[in-house]
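Colleague: Structural data only, the sequence is not supplied:
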């Protein structure tokens, strides 16, 4: 794990997005929020938040850090869901991996909550869209679509 | 968590696949296997295996089960890497979520190992390709491309 | 950890209950389900389920086992919430600790979700109400009130 | 998870208490400290300390933070045990949840260590008694009895 | 993780031992059991037991399995402590790694509890002494000294 | 857990070493790096790094802290492997336990990766060799051999 002891403690933020594509009938089931296992969107949102806090334990060479804020937003589309995670910290390294992990685990949880209805859903377009703070400064993916 | 106490203990297997797309120069760096953090492919392979074992802790309503086998394979493409995970168990529920989690975490780890070179890599096409065993029987995604 | 290798693998079930008492105004806020952190009841329900799966890691001498079912139910009262957890397994030891852990962590999460409104809430009456299966057989607390 | 990035890093402390009620014969067994599983009070004390360190992983929307001190004290009563936990940090959020989690898990562990003798023990009165530090300042429960 | 799905579920047991060597004055402090952090031997014993339950999460390619019994015994010597762990399961793979992990973590915890008094303690001779059950059958280290 | 709230946040570093002794034929197998489970040295290196990040969860009274750097180096000898771990932080407590835990888990993983070939390997000489920073200042084991 690369030594970051000398790096500055500054506010850092990262935004990641992803998508799960499933058939429209399953999307409608999810939006009704009444599956046998609870509301899939709320369960997935929490799974994303909780996984973000475990990022340092899941990604072998990722530095552990204390997140000071996480937001996971899940928006329905006709053929699936868009997921966005924003992570913040005041530490020595960025929170890109935390935001990406939140998106991935929220998507996997949506799959888990709906797989009885549609086993062929596909998770994709998991990507960093923006980061701020830290020595390498701001970065923004070109041509980022707005969520939803 | 849905009650599966009465389900049969049988051999079950699931295969999942996914992909990370990055620029060709970064792929070549990874294939050289000499990053400052170690060999990215080997690190990602282990991250996938270890995450699969944590699936029941990560996916809120997923049943915990003891995996009896996991294989994660990572194959370079010109513009990224294909990832495949096969999980096996002899338990009451399927291992789709374990295989999908392995693929997602291996992909996230490849991102972590290469983000200094290419922050714009995109993770996608995470999907179940086949499952066997259990009451619901075999399932195979139609038109599955072979890995690589 | 006491040796249970020779014990029979049988279906076992345990039911535990508990309560959190808070002021009536906070209960109404929770029931509206629109806190800044999400729906407190749904978050607490999931926290209970996920904690039950970690029982063997939290209670030092508790045997780890694979739960085959967990249900956590949270019912509002005028002055708080009643929580009930039912855990099931097909293993060598009972699941009392899992059910009690689910109740305790659901209650703690309700506290966390409402502490900005009422810091003086009290968690109590966490108790086993019934267990079935295993060599020691069925046990039922005398004079159990029905939930709610 | 609510954004606390801008909050001040200050010393914070929280004290929580709780109780487990069991029959007097079991209390005497525990005080003898010679159960088949070890000394129940020492095991429970450690379980409380270790669980406090996992609070951010157990309570879904609780901020992870680095505890700088934890004390768990368990005092016998004629009909059970009083448990007190004091947690300290120098971070952006309070440690109420850590102290309450320590108390709850110590109580659950006492139950686990004694359930063979008395399955009907009840855990209760888990509550915050005092907090200091942070923007919201000091808070003290009115009419707090002293431990023991 | 090598596929063991087809292996037989049988009773398996493994015994491991190790040692920590420290100066005699520190050994006497530990035996008095009154350190500022609690009784070092009891804390180390529990650390060993709890770590054994996490073996599948700690050793990357180790199969996760449900232990049915763990015993950790710590015996003082003039110049340190001998540690022995016995682990049992009824599963598809052996429990050597669980027993060795228990010994190592108990030794590390003894170090942690005494390092203020003697930073130069050395942990050593961590080894498997016996295993039983499973297809490969019984194995016993030649010339095993008895513990203590 | 001893209160360290008032301690200074400073850069701290600790170096630990250990050794696993096995027969020469197995060492040659490992160095070829082509076991059925992957390259044992790389797997062990990662296991050490990941375990170091879990130290606060594994050692009961160890303060949790955020590592800012970890390096694990494994060097072959004729009859085994030397392991060295260097851990760094900018926090209130030292990182001796993190470095020692990294060494122990890397050694246990080497054992796991080679036990099919040689069950009698022995792990030993796990010791702190140097620490810097913090109030107690620098410490260096006398007569430390250089690694390898």
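Modeller: That came through fine. Everything numeric in this text was worked out from a predicted model, so none of it was measured.
Colleague: for chain A, which helix is longest?
Modeller: Longest helix in chain A by number of residues (criterion: DSSP state H): helix A:96-114.
Colleague: List the contacts of residue A:63.
Modeller: A:1, A:2, A:4, A:56, A:92, A:93, F:66, F:67, F:68 (Cβ atoms under 8 Å, 6 or more residues apart in numbering or on different chains). C-beta here means a position set from N, CA and C on the backbone, and glycine is covered the same way.
Colleague: rerun at 7 Å
Modeller: Counting by Cβ atoms under 7 Å, 6 or more residues apart in numbering or on different chains, residue A:63 touches A:1, A:4, A:56, A:93, F:68.
Colleague: now the spatially most central residue of chain A: how far from residue A:66?
Modeller: The centroid of chain A falls nearest to residue A:103 when counting by Cα atoms, centre = their mean (1.9 Å). Distance of residue A:103 to residue A:66, given as Cβ to Cβ, to the nearest Å: 20 Å.
Colleague: State the number of residues packed around residue A:86.
Modeller: 21 (other Cβ atoms under 10 Å in any protein chain shown).
Colleague: if you look at the longest helix of chain A, does any of it touch chain B?
Modeller: Yes. Residues of helix A:96-114 contacting chain B under Cβ under 7 Å from any Cβ of the partner chain: A:96, A:97, A:100, A:101, A:104, A:105, A:108, A:109, A:111, A:112, A:113.
Colleague: Next: stretch A:72-83.
Modeller: No. Contact of stretch A:72-83 with chain B (Cβ under 7 Å from any Cβ) is absent, the minimum separation being 12.4 Å.
Colleague: Can you give me the end-to-end span of that stretch?
Modeller: Stretch A:72-83 has its terminal residues 7 Å apart, counting by Cα to Cα, to the nearest Å.
Colleague: So among the contacts of residue A:63, where is pLDDT lowest?
Modeller: Ranked by pLDDT, those bottom out at residue A:1, which scores 90.
Colleague: Residue A:42 contacts residue C:44, doesn't it?
Modeller: No. Under the criterion of Cβ atoms under 7 Å, residue A:42 is not in contact with residue C:44, lying 11.7 Å apart.
Colleague: out of those two, which sits in the more crowded spot?
Modeller: residue C:44 (28 against 20).
Colleague: What does the pLDDT read for that one?
Modeller: Predicted confidence (pLDDT) for residue C:44: 97.
Colleague: from what I can see it touches residue C:110, true?
Modeller: Yes. Using Cβ under 7 Å, residue C:44 makes contact with residue C:110 at a distance of 4.6 Å.
Colleague: Contact residues of chain A facing chain F?
Modeller: A:1-5, A:56-57, A:60-61, A:63-66, A:92.
Colleague: The lowest-mean-pLDDT helix or strand in chain A vs chain C: in contact?
Modeller: Every helix and strand of chain A was ranked by mean pLDDT, DSSP states H and E. The lowest is helix A:24-32, at a mean of 92. No. Helix A:24-32 lies apart from chain C when judged by Cβ under 7 Å from any Cβ; the minimum separation is 14.5 Å.
Colleague: what about the residue in chain A positioned nearest to chain D, neighbour count?
Modeller: Chain D sits closest to residue A:69 of chain A, with a gap of 3.2 Å, by Cβ to the nearest Cβ. By the criterion of other Cβ under 10 Å, residue A:69 has 19 neighbours.
Colleague: residues contacting it?
Modeller: A:88, D:1, D:2, D:3, D:4, D:5 are the contacts of residue A:69 under Cβ under 7 Å, 6+ apart.
Colleague: circling back to that earlier point, in CSV: the residues of helix A:96-114 next to chain B, plus neighbour count, distance to residue C:21 and pLDDT.
Modeller: Below are the residues of helix A:96-114 next to chain B laid out as CSV (neighbours: other Cβ atoms under 10 Å in any protein chain shown; distance: Cβ to Cβ, whole Å; pLDDT from 0 to 100):
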residue, neighbour count, distance to residue C:21, pLDDT
A:96, 25, 43, 97
A:97, 27, 41, 98
A:100, 30, 41, 98
A:101, 32, 37, 98
A:104, 33, 39, 98
A:105, 32, 34, 98
A:108, 27, 37, 98
A:109, 29, 32, 98
A:111, 27, 39, 98
A:112, 24, 34, 97
A:113, 27, 32, 96
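Colleague: If you tally nearby residues, what's the number for residue A:6?
Modeller: Per other Cβ under 10 Å, the neighbour tally for residue A:6 reads 11.
Colleague: Now do the SS call for it.
Modeller: Recorded secondary structure, residue A:6: coil (DSSP: H, G, I helix; E, B strand; the rest coil).
Colleague: quick one: it from residue F:134, how far?
Modeller: Applying Cβ to Cβ to residue A:6 and residue F:134 gives a distance of 17 Å.
Colleague: do the same with residue A:122
Modeller: As for residue A:122, its distance to residue F:134 is 51 Å (criterion: Cβ to Cβ).
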